[in-house]
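Asker: I'll drop the sequence and a predicted model, then ask my questions.
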Amino acid sequence: MLSKRALTVLACLLPAYVSAQEYSEPADNYLHEVVQEWSEKSKIGSLRDAEFSKDEKEVRFWSGFGLTGTVADTLSWRGGKWMVSGGFIKRYRVGASNEIAAEEDMLPPCVLEEMSRRCVVKEAIGMDGKPRYYSLGCAIMDLGRPEKNQKPLAALWDEMTAFGLLTLPPSVDRDTNLVVLDGLSYVIEVRVGDTYRATVIQYYSEHPVDKQAHEILKAYDAVVGTELYPYGYDQDSSQ
């Protein structure tokens with residue numbers, strides 16, 4: 001058994017882990033709130049509330065929402081290693097009663113109850129005012145694994161930082177007549193030590209913050225092999 005002195009020395013050598021102390025995040029924003037739920041109910045856990053050492057960092061890109069499927073991609077520096085991971089949101093339509101479930105070939109309430117422990121549940125009301133079915137959004141996420149080639153990921157973090165990853169505002173003020181509620185949106189979460197930042201942004205091109213976000217997404221795509229940036233939108237607009 002280690003002596004008290006040895007335990008004290010060991011504690012000094014180990015990194016101190018802390019919860020976030022500084023926050024920059026949108027207030028009362030549905031997309032930000034729902035990705036918190038997805039994180040908490042999946043393997044990856046909440047980035048906002050996680051404990052980090054002072055040199056650990058992570059960025060999470062949530063993209064989609066609206067009319068498209070939601071995916072999540074993560075780059076993190078944890079435990080002295082760069083890791084990447086990804087996931088997506090799977091949606092289920094579940095019956096609100098045994099009778100409806102049997103009639104429409106949907107899952108019964110007992111399964112719904114079990115699934116709801118790790119899914120975001122939205123209730124749909126029928127014409128009679130009673131619950132007709134439930135829509136469940138479940139986060140299917142992978143835990144990050146250390147990548148063999150660490151240098152490109154370290155350079156990627158530096159590149160995204162140079163594009164303004166750590167200075168993105170919580171949101172962008174826009175002309176409400178131009179906002180498309182069911183379009184492509186992003187939630188970008190960043191954690192560095194005890195600082196947490198989150199940005200909710202829709203796909204646009206006219207604001208300086210939009211351009212910052214686009215450069216960050218393109219840089220991530222180029223190194224990790226994802227397609228976070230909607231390249232097809234550029235092709236459509238040029239025709």
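Answerer: Great, that's in hand.
Asker: Val84 contacts Leu153, correct?
Answerer: Yes - with contact defined as CB atoms under 8 Å, Val84 counts as touching Leu153 (7.0 Å). The C-beta positions use only the backbone N, C-alpha and C, and glycine is treated the same way.
Asker: which residues are common contacts for the two?
Answerer: Common neighbours of Val84 and Leu153 (criterion: CB atoms under 8 Å, 6 or more residues apart in numbering): Leu75, Glu147.
Asker: helix/strand/coil for the residue nearest to the spatial centre of the chain?
Answerer: The residue lying closest to the centre of the chain (CA atoms, centre = their mean) is Trp62, at 4.1 Å. What DSSP: H, G, I helix; E, B strand; the rest coil gives for Trp62 is strand.
Asker: Cross-check the contact I'm expecting between it and Ala72.
Answerer: Yes - at 5.0 Å, Trp62 counts as touching Ala72 under the criterion of CB under 8 Å.
Asker: could you say what helices and strands the helix or strand that Asp158 is a member of packs with?
Answerer: Assigned by DSSP states H and E, Asp158 belongs to helix 151-162. With contacts taken as 3 or more CB pairs under 8 Å, 6 or more residues apart in numbering; DSSP states H and E, helix 151-162 sits against strand 57-64, strand 71-78, strand 81-95, helix 208-224.
Asker: if we can go back for a sec, quick check: closest non-adjacent residue to the residue nearest to the centre of the chain.
Answerer: Computed as CB to CB, 6 or more residues apart in numbering, the closest residue to Trp62 that is not its neighbour in sequence is Val187, at 4.1 Å.
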